[in-house]
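J.: just the structure for this:
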Amino acid sequence: MKRFIEYIIIFISPLMLINCESIEDRLSIGGFINSEQLDVTATPLIVDGKATNKIILNNASPVLSSWDFGTGRTQKKTDTVLMVVAGENEIIFTGRNPDGSEVSKTLKVNVEDMRFPVPPEWGFLTDGSEKEWEWDDRGPVWGNGGYLTDVAPAWWTLPIDDIDEQSPKEGIGAKMIFSLRGAKFTKVKSDGTTETGTFSFDMNDKAIDNDGVVWGEGKLTLKGTTVLNGISPNENNEKVHEYDILVLDDKHLVLSYPEPDETEGGTAWFWMFKSSD
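T.: Residues are numbered from 1 along each chain as shown. Reported below is the predicted structural model:
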């Protein structure tokens, strides 16, 4: 019996050694690296000799991936993403080492050809980087009117001078900033205080009137804050985070929000903005 136990011990010991060595080898894979050791690329797809806005991302480093390409993020090791503006764009790669530490690198790509379609609204809202918007004081800047029938305040209308009575510090001198990087939205009040959030839009979500005519070109959604004076008075001044986009170009932004369950001709609220430049 004693010799049998000794035999088992002799047989098992090498297996334990092999097992320990394999664990140690496995833990040594993917050791800590710094930013200079990162092997990551962001390469534009070339079509007809020009760098297009389709970018191929590749991480060949032993770290977990996180790519910030301006209007979105991906955690894939390799992926293909679209740039939304021409010219030089920055893509930020952040990797996570096995010990939990992070390492980052900024890659620059130059887009020559916007061959692959993206919503032009990104360019209108951000001017390729960031853009300021303020109240369009050529007429009423806020008020209500008919849902699917009006395109500006038509019933109860307020000029810029009266906005502060409704929403202090969000009238004269207040502004909004749409930033391309991270789709960041910043509301700057007239006293200099700020609220920040993010924005997104869906230009496929259109509002159509009873005659089949497009009234709302798409939807703008904000998270974390609202546009200037972004409230619904008949709902106890509830904050409004989703808006129909009625007009959006280089100079003008007109938004609307229908009260719940309204049909054509029902109550909607309107916000009139213009670019600050």
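
J.: switch to C-alpha atoms for all contacts and neighbour counts from now on
T.: OK.

J.: thought Phe201 was touching Thr221?
T.: Yes - using Cα atoms under 8 Å, Phe201 is in contact with Thr221, at 5.9 Å.

J.: give me the common contacts of those two.
T.: The contact sets of Phe201 and Thr221 do not overlap (Cα atoms under 8 Å, 6 or more residues apart in numbering).

J.: mind checking the SS state of Pro168?
T.: Secondary structure, DSSP: H, G, I helix; E, B strand; the rest coil: Pro168 is coil.

J.: ramachandran coordinates for it?
T.: As for Pro168, its main-chain torsions (degrees, to the nearest 10) stand at phi -50, psi 140.

J.: give me the pLDDT for it.
T.: You'll see Pro168 listed with a pLDDT of 84.

J.: kindly report the same for Thr193.
T.: 97.

J.: any idea how many residues pack against it?
T.: 10 (other Cα atoms under 10 Å).

J.: and what of Tyr257?
T.: Applying other Cα under 10 Å, we find 22 residues neighbouring Tyr257.

J.: gap between it and Val214?
T.: 15 Å (Cα to Cα, to the nearest Å).

J.: ditto for Arg181
T.: Arg181 sits 30 Å away from Val214, going by Cα to Cα.

J.: and if you look at Asp162?
T.: Asp162 is 31 Å from Val214, where distance means Cα to Cα.

J.: what's the answer for Pro44, then?
T.: Counting by Cα to Cα, the gap from Pro44 to Val214 is 36 Å.

J.: okay, these two: which has more neighbours?
T.: Per other Cα under 10 Å, whichever of Pro44 and Val214 has more neighbours is Pro44, with 23 against 14.

J.: if I've got this straight, that one is in a helix?
T.: No - assigned with three-state DSSP, Pro44 falls outside any helix and is strand.

J.: and it, what does it touch?
T.: Taking Cα under 8 Å, 6+ apart, one finds 51-56, 109-111 in contact with Pro44.

J.: quick one: residues contacting the closest residue to Trp133 other than its chain neighbours.
T.: Once flanking residues are discounted, Trp133 sits nearest to Ser275: 4.4 Å by Cα to Cα, 6 or more residues apart in numbering. Ser275 sits next to 131-134, 250-253 when contact means Cα under 8 Å, 6+ apart.

J.: redo that, cut-off 10 Å
T.: For Ser275, the contacting residues are 124-125, 131-136, 175-177, 249-253, by Cα atoms under 10 Å, 6 or more residues apart in numbering.

J.: got it, and Phe32?
T.: Phe32 sits next to 62-63, 96-103 when contact means Cα under 10 Å, 6+ apart.

J.: redo that, cut-off 7 Å
T.: Counting by Cα atoms under 7 Å, 6 or more residues apart in numbering, Phe32 makes contact with 97-98.

J.: make 37 the starting number, not 1.
T.: Will do, 37 is the new start, and the previous item becomes Phe68.
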